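1. Have a look at this fold, sequence not included:
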């Protein structure tokens with residue numbers, strides 16, 4: 001993610017969110033349309049707007065903790081390499 005920080009109530013454009021997350025603008029639009037875990041947005045004046053606090057919360061909800069993830073080991077259906 002980029003080093004830019006925004007106040008919680010700051011409304012971001014799609015371009016700003018894309019730059020902040022290191023994604024293409026089209027990818028941001030696809031994340032908004034994702035049915036399972038949509039990126040929260042408001043459609044205003046023919047553009048998406050994103051509240052910085054909601055984007056941060058959306059990111060935190062999807063964070064994978066490295067301590068709890070040990071690669072393929074213990075994941076059903078995935079065989080780990082033999083030692």
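-> Yep, it's here. Here the structure is a predicted model, which is why all the values come from computation and not from measurement.

2. Which residues does stretch 44-53 contact?
-> Contact with stretch 44-53 is made by 6-14, 16-17, 28-29, 32, 39-43, as judged by CB atoms under 8 Å, 6 or more residues apart in numbering. The way it works is simple: take the backbone N, C-alpha and C, and place the C-beta from them, glycine included.

3. how about a cut-off of 7 Å?
-> 6-14, 17, 32, 40-42 (CB atoms under 7 Å, 6 or more residues apart in numbering).

4. Show the pLDDT at the spatially most central residue of the chain.
-> For the chain, the residue nearest the mean C-alpha position is residue 59 (4.6 Å; CA atoms, centre = their mean). If you check residue 59, the pLDDT there is 91.

5. try residue 69
-> 53.

6. Check residue 33 too.
-> 94.

7. Ok, residue 62 next?
-> pLDDT at residue 62 comes out at 87.

8. just residue 50 next, same as before
-> So residue 50 comes in at 97 (pLDDT).

9. Just say helix, strand or coil for it.
-> At residue 50 the chain is in strand, as set by DSSP: H, G, I helix; E, B strand; the rest coil.

10. Quick check: closest non-adjacent residue to it.
-> Closest residue to residue 50 apart from its sequence neighbours, by CB to CB, 6 or more residues apart in numbering: residue 12 at 4.5 Å.

11. Summarise which helices and strands the helix or strand containing the one you found is packed against.
-> Element membership of residue 12, judged by DSSP states H and E, is strand 11-13. If you count contacts as 3 or more CB pairs under 7 Å, 6 or more residues apart in numbering; DSSP states H and E, strand 11-13 packs onto strand 47-51.

12. Kind regards, and thank you for your time.
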